[in-house]
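# Generate coordinates for the sequence data below:
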Amino acid sequence: MSKKVFFPNLDGLRFFAFLAVFFAHSFYTEIDAIKETPLWNFCYTLARNGVYGVNFFFVLSGFLITYLFLDEKDKTKTVDVKAFYIRRVLRIWPLFYAVIVVGFVIIPNLMHAIGEPYEEKSNIFTYFFFINNLFPVPATAVLGVLWSVAIEEQFYLFWPLIMFFTPAKRYPRVFFSLILLSFVFAIFYPGHPEHTLYCISDLVLGSWLAYLAFNKSPLIDKIASIPKWSTLLIYIAGFAMIITHRSWNNEYFNPFLRILFGMFFAFIIIDQNYGKHSVMKMSKSRFVTFWGKYTYGLYMTHFMVIYFIGKIMRTYYTKSLFDVLIVETVITFVFSLVVAYVSYTWFESPFLKLKEKFAYYRGTRDGGRGTDYRGSGDEGRGTDGVG
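As a prediction, this is how the structure comes out:
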């Protein structure tokens, strides 16, 4: 039997990407006195950059899914599109539709039962068919993060067909064409950052990276071999751009910036997977590696936890700046971990076990690459829907 694909440092990267998104949704307050403080403004503004954790999830998803397709094609000479769709359904749909039920049924009825005004402006049918990102409206409570799941599901719908019907030698042309299409769309429609065509460049950049890595491109080895001090400088420069870009960027430069950030995230993946002089490998941290496998649940439910904890704290006492920045954030983070753990252990796991029955590597012989791929994306813990 062939071994699963395993990139041991990517679970930790997933967790940090989630953490960035978590902070981007934190520090909310309706108290004007707190909003006027320099410390709150600094923390709130800095945390907003965490939205780029979603971009990273997209790049990582493209890398993992495409690498697995290439590995499957190498071992079996084809891509089992039907089995892939079944795996995606078993991984994504149960928790996704559970969150929809919470958002459209449980929370509205609960709020009305306690006399709280509540209006859900989103259309449930757009969520049901994974097209909610194409018709963006203000989303409340737990639905604000689901636009990125729609993008990934749309990607999962057409990508295996492209991998199946396209000769391998033409993959780079497909990658370049889709990135160019995304770039042009972003230029002419800058006000649609949640549209699939706006974001598809991230997923395709990750896919191109997978193609280069799987085929052992000399470019990957050159990047992996750069000195530690150069690696550190790239990390510093990349994160500095992310932190400061709001002060010098405008919507017309966003298409260029998205490609640039996507390349930076691709560099991080190269460094963590293949880097010979990395500053630090994520697998050395047991905490982030452990929680990395729960990132789908963390991503899908943390908005719900933030909503309820914030509602409780606003109801029972007036928060101070310390409460907004520290107390509420810590409580919300801990509860998010608990909810994700419970979801994974008692709700998602049965579907994940069933998903393994449709894995392409079952019963195949090792293709000679000798890589243990446990838990990488599609076949294991996954970047699914995050972002």
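# could you say what helices and strands the particular helix or strand that has Val339 in it packs with?
Element membership of Val339 [criterion: DSSP states H and E] is helix 328-343. Counting contacts by 3 or more C-beta pairs under 8 Å, 6 or more residues apart in numbering; DSSP states H and E, helix 328-343 packs against helix 10-24, helix 295-316. For every residue, glycine as well, the C-beta is placed using N, CA and C.
# For the ones you listed, which has the smallest mean pLDDT value?
Confidence, taken as mean pLDDT, is least for helix 295-316 of the helices and strands packed on helix 328-343 (a mean of 91).
# so what's Ser283 closest to, chain neighbours aside?
With sequence-adjacent residues excluded and distances taken as C-beta to C-beta, 6 or more residues apart in numbering, Ser283 is closest to Pro8, at 4.2 Å.
# Any idea which of the helices and strands packed on helix 328-343 gets closest to Phe69?
helix 10-24 (16.8 Å; C-beta to C-beta).
# How about the contacts made by the residue of the chain most remote from its centre?
Distance from the C-alpha centroid of the chain, by C-alpha atoms, centre = their mean, peaks at Gly115 (35.7 Å). Contacts for Gly115 (C-beta atoms under 8 Å, 6 or more residues apart in numbering) come out as none.
# shouldn't His112 be in contact with Glu119?
No: under the criterion of C-beta atoms under 8 Å, His112 makes no contact with Glu119, lying 10.3 Å away.
# Those two: which is more packed in?
His112 (11 against 8; other C-beta atoms under 10 Å).
# how close does the more buried one sit to Ile100?
18 Å (C-beta to C-beta, to the nearest Å).
# what do you get for Arg173?
38 Å.
# Compare the two and say which one has the larger neighbour count.
Counted by other C-beta under 10 Å, Arg173 and Ile100 do not tie: Ile100 has more neighbours, with 18 against 11.
# Name the nearest residue to the more buried one, ignoring sequence neighbours.
Tyr127 (5.4 Å).
# pull the helix or strand with minimum mean pLDDT from the chain.
Taking mean pLDDT, DSSP states H and E as the measure, helix 107-113 is the helix or strand of the chain with the lowest mean score, a mean of 84.
# residues in contact with that helix?
With C-beta under 8 Å, 6+ apart, helix 107-113 has contacts from 117-118, 120, 141-142, 307.
# tell me which residues of it are tucked away?
By neighbour count with 16 or more other C-beta atoms under 10 Å, helix 107-113 contains the buried residues 107-108, 111.
# before we move on, what about stretch 212-225?
212-214, 220, 223-224.
# farthest-separated two in these?
Between all members of those, the farthest pair (by C-beta to C-beta) comes out as Phe214 and Ile223, at 15.2 Å.
# hmm, back to that, so what touches the next helix or strand after the least confident helix or strand of the chain?
Downstream of helix 107-113, the first helix or strand assigned by DSSP H and E is helix 124-128. For helix 124-128, the external contacting residues (C-beta under 8 Å, 6+ apart) are 97, 100, 104, 132, 134-135, 143, 146, 150.
# rerun that using 6 Å as the cut-off
100, 104, 132, 135 (C-beta atoms under 6 Å, 6 or more residues apart in numbering).
# in stretch 82-89, what's buried?
83-84, 87-89.
# ugh, typo on my part, it should be stretch 5-16
Using 16+ other C-beta under 10 Å as the test for burial, stretch 5-16 gives 5, 7-16.
# That one spans what distance, first to last residue?
21 Å (C-alpha to C-alpha, to the nearest Å).
# Give me the distance from that stretch to the chain's centre.
Mean-position distance between stretch 5-16 and its chain equals 12 Å (C-alpha atoms, centre = their mean, to the nearest Å).
# Same question for stretch 222-235.
In this view, stretch 222-235 has its centroid 25 Å away from the chain centroid, taken as C-alpha atoms, centre = their mean.
# tell me, how many neighbours does Lys75 end up with?
Neighbours around Lys75, by other C-beta under 10 Å: 17.
# now Thr329, nearest residue through space, not along the chain?
Per C-beta to C-beta, 6+ apart, closest to Thr329 is Ser26, 5.1 Å.
# got a pLDDT number for the one you found?
pLDDT, Ser26: 95.
# helix or strand for it, which one?
Using DSSP H and E, Ser26 falls outside every helix and strand.
# right, and Lys281 touches Leu10 too?
No: with contact defined as C-beta atoms under 6 Å, Lys281 and Leu10 do not form a contacting pair (10.6 Å).
# about what we covered before: burial check on the residue nearest to Ile100, number of neighbours?
For Tyr127, the count of nearby residues is 24 (other C-beta under 10 Å).
# do the one 3 residues further on as well
Phe130 has 21 neighbours, counted by other C-beta under 10 Å.
# That one should be in a helix, yeah?
No: according to DSSP: H, G, I helix; E, B strand; the rest coil, Phe130 belongs to no helix; its state is coil.
# Pop out the phi and psi values for it.
Phi and psi for Phe130, reported as degrees, to the nearest 10, are phi 60, psi 40.
# That one and Leu143: what is the separation?
Applying C-beta to C-beta to Phe130 and Leu143 gives a distance of 13 Å.
# just His112 next, same as before
As judged by C-beta to C-beta, His112 and Leu143 stand 17 Å apart.
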